[in-house]
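S.K.: following is a predicted model, sequence given first.
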Amino acid sequence: MSAYKNDQTNDASNRALSSLDRSNLDLKTPDKTYLDSNELIINMGPQHPATHGVLRVILKLDGEKVLGTECVIGYLHRGVEKIAENRTYTMFAPYVDRMDYCAAVSNGLGYCEAVEKLMNVEAPPRAQYIRVILTELQRIASHQLWLGTHALDIGAMTPLFYTFRDREEILKIFEKYCGARLTTHAFRIGGCQYETYAGFEKDVKNFLTFFAPKIDEYEALLTTNRIWLERTKNVGVISGADCIALGVTGPVLRASGVKWDLRKAQPYAAYSKFDFEIPTGENGDTYDRYLVRMQEMRQSMRIVEQAVDAIPEGPIMGKVPKVIKPPVGEIYHSIEAPKGELGYFIVSDGSTQPYRLRVRPPSFVNLQALDLMVRGLLVADVIAVIGTIDIVLGEVDR
Amino acid sequence: MPNFIMSYLDSKEALTPGSAGSQFWALIYVLIIFAGVSVAVIAMNWIERKLLAHFQVRLGPMRVGPHGLLQPIADAVKLMIKEDIIPAEADQLVFWFAPMIGLLAAFTVYTVIPFGPSQAVSDMNIGILFMLGVSSLGVLGIVVAGWASNSHYPLIGALRSSAQMVSYEVAMGLAVVSAILMTSLNASGTGTLSMIGIVQAQQQQGVWFIFKFFPLGLIAFAIFAIAMVAETNRAPFDLAEAESELTAGYHTEYSGLRWSLFMLAEYAAMIAVSSIAVTLWLGGWMRPFPNLLHAPAWDFIFSLFPGLTFLALAAIALIGVARMPAHSFFRIQRIGLAVFAALLGFVALLLLVIAVAGRSADMSVAGRFNDGIDHVYWFVLKVAVFMYLFIWYRATWPRYRFDQLMKIGWKVMLPISLGVLIVTAIVGVIFS
Amino acid sequence: MFFLDHIWLIPLFPAFGAAMMFFFGRRLQKATVNAICVGAVVVAFLFACFTVVEYTHFAHGTGRPLEKIVYTWLGGNGHLNFLKKDGTTASFNADAGFLLDPLSSIWLLFVTGVGMLIHIYSVGYMAHEGGYYRFFGYMNLFMFSMLTLILANNYMLLFVGWEGVGLCSYLLIGFYFHRKSATDAANKAFIVNRIGDAGFILGALTLSWYLGSFRFTDINALAHSGHFAIGDPVLTIAALLLFVGACGKSAQLPLYVWLPDAMEGPTPVSALIHAATMVTAGVYMVARSNAVFVLAPTAMKTVAIIGALTAVFAASIGLVQNDIKRVLAYSTVSQLGYMFLALGVGAFAAGVFHVFTHAFFKALLFLGAGSVIHAMSGEQDMRNMGDLRGRIPTTYKTMLIATLAIAGIPPLAGFFSKDEILWQAYRSAYGSFPYLWLIGFGTALMTAFYMARLIFLTFYGQPRMSHEVEHHIHESPKSMTGPLVVLAIGSVCAGWLGVPASLGGTNAFGKFLEPVFAQETAASVAPTAPQEPAGEEHRGLEWMLMVLSVVAAVVGGGWAYGYYANAGKGYTEPIAVQAPPLYTALYNKWFVDEAYDYAFTGRRKIGDVRLGAMGAGEASSWFDAKIIDGAVNDVGWVTRAVATLSKWWDKWIIDGPLVNGPAILCRFPLSPIARLFEWGLVQWYALVMVAGLLGFGVYYVWK
Amino acid sequence: MVPITTLHYLVVAAALFVLGVIGVLIRRNVVIVLMSIELILNAVNLNLVAFSRMWGNLHGQLFAIFIVVDAAAEAAVGLGILIAFFRNKETVNVDEIDLLKW
Amino acid sequence: MNLAMNSALNSTINSGMAPVATPWFFYVLAGVAVISGVLVITRRNAVHAALALIVTLLAVTGLYLMLYAPFVAGVQIIVYAGGIMVLFLFVIMLVNIDRSSKERRFNRIWAVGLGAACALLALFVFAFTKGKALFPDRGMPLAEGSNTQEIAKMLYGEAGRMGQYTFAFEIASLLLLVAILGAVIMTKKKI
């Protein structure tokens, strides 16, 4: 119990990494340190508007203060990894879209690139550019979804509608490109499934001109809003070291001041050809994460702009056999998904089906930081922090 | 006409029925106010949904009636016929009447709200005290509802909202006191707690109290305006019913009619506190510049405003009719909207007729009726501004966290209101 | 007058060195330690020399003392008073004051001089020992204490020095504290000295109680004033008590036992403290108190007899000892006996002269022995030595000189001083003590024998040491041999300062000291024993005695030569051959230690009985267990008996009708009522309030 | 109908007072005991106000106001003690509050 | 009904600013007060008791209004009903233990307590019957319309003079301050 008592303040810097030791968290017996009727154990979820799906968080509260949390996951478990072992490589590609269904394009990119790497083939440049454009658009869409729901969690209703309105434009492009809006299955192993439609570049450019003022609109609503600042500043602080220790990646890591982005660190697709920056935060609090994601949207727009302007002509499919039989071996490939490092570990036994496929989902890993971030905070902050981690339960549970 | 009806109407003074001792008219007024407030609440429901939708780039209710005008009725019907679920583990009795407490408190305060110098149920000597006291009873309803549900979220929500309301009552009360202090700045040196008296004091002193001792009145008003949002558990202080945290706060377990009673109480309370703000700081029923523009001509011009407003509303409705797509699908809607516009136009006509008829006859029934309409119109207009603000807040701001809320209440608002009170007292002594 | 004015600096130089060692010694290099400690003593010596030179100018041969009081250390403000024997009050007054007169000049010179040499010697001797800084710190502290002792102007300050040297002696004997024998020896020295110190402080206090002052000048003046008769009992007691102190410090019978054991300390320590300087403190103190002693002839006689007995007793033990340092230690005791003999017969100057010469040759002997031990890799047993003269020639030569000197071979130093003593014993100004002379003569014979034995066993004969040791034998470093040579020169020449008139000398030494001792001669002795002019008529007798003693020395040496000159492995002791029981007695030091063990310490039992301190402990333990505890137990038994009675009374009378009776009374009729008022139920109290309300209401309504 | 006199009020007040006394004396729950005390105070207030009406001056009302103030203070402190006590003994029964008995 | 109303109207109009003080109101309010008072002391559940107490308080408030004491009534509502009772409910919820609602309601000496209280009631009844004649039928005239102002004058004084109860008022505020501090300190977990 002493570990909790020391966490009196919201000042997360006081909390050493040692507080990661969660053996103290005994949810069964109430805290007997002092007889106090304020001590509660509350189930947040699995049916709860703010847990973004079917996440169940068991909260141990002292009054309103969070003493500890325990996440119960698995309500959305579909056995994606097991399914992979019974599908051919090609057949499995649509399944990955169902993990992070808010960023299906990114999921597909990671999978396709992993298999390509395993087979040692390369997608042609045009395909690479298309991939970049779609993936970055998907990143914007994902961040929009996050912004809307996060703001709604904190109590600002309006941004949700704004972001959904604008996200629609991206989904329209997807729809036009591949016929699907959400689970696109846009890429294939070795390239892209479809050639771009006529007017694709124009649509994308239109979107960019349409969207630039919209980000300003979001920021006008929130960035300097006093209540927004009070609710997000110094809430859910996590240090860069803690992030690294927990394996947290993505905007959460960057908001803690660690400049780590796989697009720069281990460039894949055509990212090495584009000029963009990695926005980072300083305090690692919810507000910084908000700012980082807003900046990332702008950076994504930059990338898309460059990519659309420089998109080369050529084939969209590499030299891939009809039946995909990667050589015996194993591969780990990861990309910078909107939520963090999305990795695929594939073991091939030389057959048409993966022997084992393991996904490193960013949401799942990032969710670990929840306990560290919310200890000592209030219940309302748990909502804000869950929102700011940006989890998708489809990806957490797989 | 029986005497007990006419004697009130014939009396030469403009007295409230309560003050005049006319129980009949008091009853009539009570009925009118109850009906009016209920209608206003229902209308508010629609207005809020529409306004919020437009804030959020959507349309809001559009299907039930033209532009969803009949949506509140549909809602009401739905809520009334919905099953009234009482959880098995709940405290049946308390669960049953908890909403009533809130509703009772919210509606009782209307007995002293002065829609006009005589347009109130009663002019109580302790009017404002009564208002604060009774509105504070609303907390009981919330606490009891949360407790009776016998569930965690409602309990937390109830404790939160009651703590919040009790806390903000302090700042609110002090702000009110500073306004009451201003009423004593007259020749006799005695102030009043009477709501009508307060408005009359503003008239006598020739200034709305919001502008009195600038900026003291403004600060006090601002404190009240903030506190009243917290007091009614509205955004950004809607912690008790923060759906993202506590699903729905104290009324999580409620459904159907009983839930609608909470809604009714909430909106009624919103209107009530807005009324207090209007009465204390914004001159109550007074039209703009009653002392400067006091010529009969001005009276007449201002008395045309209610009619003209309804005329404008009718015009808006007609525009809506015109903009309806020319499709058979919209025919009924178009007809409905046109009828609505016609209704509004008729009301406007009636009001204009009354304004013209009551122009010269000061103490005639028509004249008094005209005056009454005038007063009620301005009062409602001012309250409507507040109601719009309530919606605007909700569309714009995120929600405060509970500790921040408490911090603002106790560490910011309370000291400021105390300071304002003290400074007002000193300034009042100096200038009186 | 600079040096005289700053005479108080002399002790402070070594004190500074000691303080430095105390605070920083652990961190200092050996060279630094040398520089500080040896330097301090050298500076002190030079300072002392200049001081004495200035003093001679100051005194102009009159020997008037120079007294310098730095500050009053105890009392002196009139608040600390005591009642004198004659009923008057006197102010207790002890100064930090310094007294310089011929007596202390001599001590000052040879203490600083010999001390300096021994310090220099120690640099070499201790070079490979642990606790280097500690050793020099102790040594400097000793120098400070000794200088305080000899420069003190009153008994109290002298006592400070006295105790200080005792402490340093203790510390240095126990320098090798990891050796049990060393710590035992240190403890022995300390405890035995305590006996003497108790006597000394009692004597000093008796004197002040009687005379009203601690100051030597005052006491001397009073003693010379003629107010006190010769043989004044109080003064006699005081003198005897002071002599007890002297016995302790200067190792006289019966308190000599610590000194031989003190050889456990490092050899320079033995040389400096236990031969040259500290042990002469007793002599100094008696000489300093000569005025008192002169007034107590009984005490004088006691001193003389004790001295003579000690001399012969220690010499006899020395005849058969095998440890080279022990021989020297007994020799020291013996020589100290000579000095006390001289003092006891009134030949103060002769005694002091012998102290002076003895300091040289005994220090030389000890340092030489140290050099031998150094060469022998720590071997001290003479049975394992032999034939060293060629291997460590400088040591051999210097030691030979010292031996000749101590044996009394003219014209070396010992001859003059010893013969002076013997002559004075035979015929002093205070009377004639031929039997004492005879003892002294015998002692001289023995001295010559054992010293010659030492030389022959060590340097002549066949080598008896093991091969490893033999292989390592080497001459000592210059820092060790240098002092030896200097001291050898001193041993040769020191005697020439006091060549008696009978040999055509001027006895300059006696002249120099005369002012210190002459006054009582004039004041008190004259009436009783008319001054005999050092007439020509005795010169023949004196010469005869000289010749006799020289002959004795030669004979002793010759005997020793006969027995030991060619001693090989397994040589025989002549005494052991001639008189085995005597040899056993001598070899075991006349069983004195054993006797003390039986009698005083009680470490050994006589039959079932333990005597001495431990015996007292056992006895008191027995007494405690049997008598005291027995009495207590008996009292306890009585108490128990009474308690049994009392218990019966308590149980059946008090507890019965008197206690339980009321309790029963309370329990049945009373307690329910009482409990109504203290129930622990708050609402009951409220009920009482309501009852009160009812009562008042009823009263008012019906009133 | 009998006009309402001061006595009527006094009878009501007496009834409330006795009810309060009963509550204080026999209820085990401290909270209800405190509430009963409020009941007693209210009865007294009613008496005071009734007498104020009877004599036509306001002193009674002022006393009533002061009693209300006192009641507020009493409730705050009493409930504070109760909370502190509950935290230590986990009971609100007045007959279990007897630490001082031994 | 008409008649009664009329007469009431007349009487109120005659007495100027008189409140509606009909016996019916009195009996209803008194009955409500006493019945809910009984509920306060008999309900097993503390929340029910608190709610009953609120009803009692409101009924007593009504009686105050009938007694021309609107300010006291207002204070009663705002302080008692709105403040103290909320506090009570809060505390009940904080210390809400199911155990207490299943235990005995009354303590060991309930019979004695009840007896004493009944004796008290008997005393009151006796005293009232004995002294019935002492009470006048109607009260002295008391202005209701300026009640608040009159109370203010007595509390704070007027025209530079100190009121009769100013010191008492100050002491009462001090008492409140002390009570606040005491309550806060007692209920704080860690001071």
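M.R.: Perfect, thanks for sending it. Note that this is a predicted model, so its numbers are computed, not measured. Numbers count the residues shown, from 1 in each chain, chains lettered A, B, ... in the order given.
S.K.: going forward, measure contacts and count neighbours with C-alpha atoms only.
M.R.: OK.
S.K.: quick one, strands of chain A?
M.R.: A:39-44, A:56-62, A:65-72, A:187-188, A:191-192, A:329-337, A:340-348, A:354-360 (DSSP state E).
S.K.: any idea which residue of the stretch 501-650 of chain C lies closest to chain B?
M.R.: Closest contact between the stretch 501-650 of chain C and chain B, by C-alpha to the nearest C-alpha, is at C:D650 (65.8 Å).
S.K.: quick check: that residue vs C:G656, distance?
M.R.: 8 Å (C-alpha to C-alpha, to the nearest Å).
S.K.: now do the phi/psi pair for B:P288.
M.R.: The phi and psi values for B:P288, taken as degrees, to the nearest 10, are phi -60, psi 140.
S.K.: quick one, grab the pLDDT at it.
M.R.: In this prediction, B:P288 carries a pLDDT score of 83.
S.K.: can you tell me how far it is from B:L31?
M.R.: According to C-alpha to C-alpha, B:P288 stands 29 Å off from B:L31.
S.K.: residues of chain E that sit close to chain A?
M.R.: Residues of chain E lying close to chain A by C-alpha under 8 Å from any C-alpha of the partner chain are E:L94, E:V95.
S.K.: what ranges do the strands span in chain E?
M.R.: Under DSSP E, chain E gives no strands.
S.K.: give the contact list for the one residue in it that gets nearest to chain B.
M.R.: Taking C-alpha to the nearest C-alpha, chain B has its nearest neighbour within chain E at E:I78, 4.0 Å off. Going by C-alpha atoms under 8 Å, 6 or more residues apart in numbering or on different chains, E:I78 touches B:L129, B:F130, B:L132, B:G133, B:V134, B:S136.
S.K.: and C:I306, how far from chain A?
M.R.: Distance from C:I306 to chain A, counting by C-alpha to the nearest C-alpha, to the nearest Å: 82 Å.
S.K.: the closest residue to chain D within the stretch 251-398 of chain A - how many residues pack around it?
M.R.: Minimum separation of the stretch 251-398 of chain A from chain D (C-alpha to the nearest C-alpha) falls at A:G376, amounting to 21.8 Å. Using other C-alpha atoms under 10 Å in any protein chain shown, the number of residues around A:G376 comes to 27.
S.K.: list phi and psi for the residue in the stretch 501-650 of chain C that chain D sits nearest to.
M.R.: Chain D sits closest to C:D650 of the stretch 501-650 of chain C, with a gap of 28.6 Å, by C-alpha to the nearest C-alpha. Dihedral pair for C:D650: phi -60, psi -40, per degrees, to the nearest 10.
S.K.: quick check, pLDDT for it.
M.R.: 85.
S.K.: how about stretch C:570-580: buried residues?
M.R.: C:P574 (16 or more other C-alpha atoms under 10 Å in any protein chain shown).
S.K.: closest to E:A50 out of the strands of chain A?
M.R.: For E:A50, the closest of those is strand A:39-44, at 24.3 Å, according to C-alpha to C-alpha.
S.K.: what packs against the closest one?
M.R.: Strand A:39-44 sits against strand A:56-62, with contacts defined as 3 or more C-alpha pairs under 8 Å, 6 or more residues apart in numbering or on different chains; DSSP states H and E.
S.K.: and the strand it packs on, what's buried?
M.R.: Buried residues in strand A:56-62 (16+ other C-alpha under 10 Å): A:R56, A:V57, A:I58, A:L59, A:K60, A:L61, A:D62.
S.K.: okay, now the sheet partners of it, with direction.
M.R.: Here strand A:56-62 has these sheet partners by DSSP bridges: strand A:39-44 (antiparallel), strand A:65-72 (antiparallel).
S.K.: how about residues contacting the longest one?
M.R.: Just to be clear, that refers to strand A:65-72. Residues from elsewhere that reach strand A:65-72 (C-alpha under 8 Å, 6+ apart): A:4, A:25, A:55-61, A:370-371, A:374-379.
S.K.: try 6 Å
M.R.: For strand A:65-72, contacts defined as C-alpha atoms under 6 Å, 6 or more residues apart in numbering or on different chains pick out A:R56, A:V57, A:I58, A:L59, A:K60, A:L61, A:D371, A:R375, A:G376, A:L377, A:L378.
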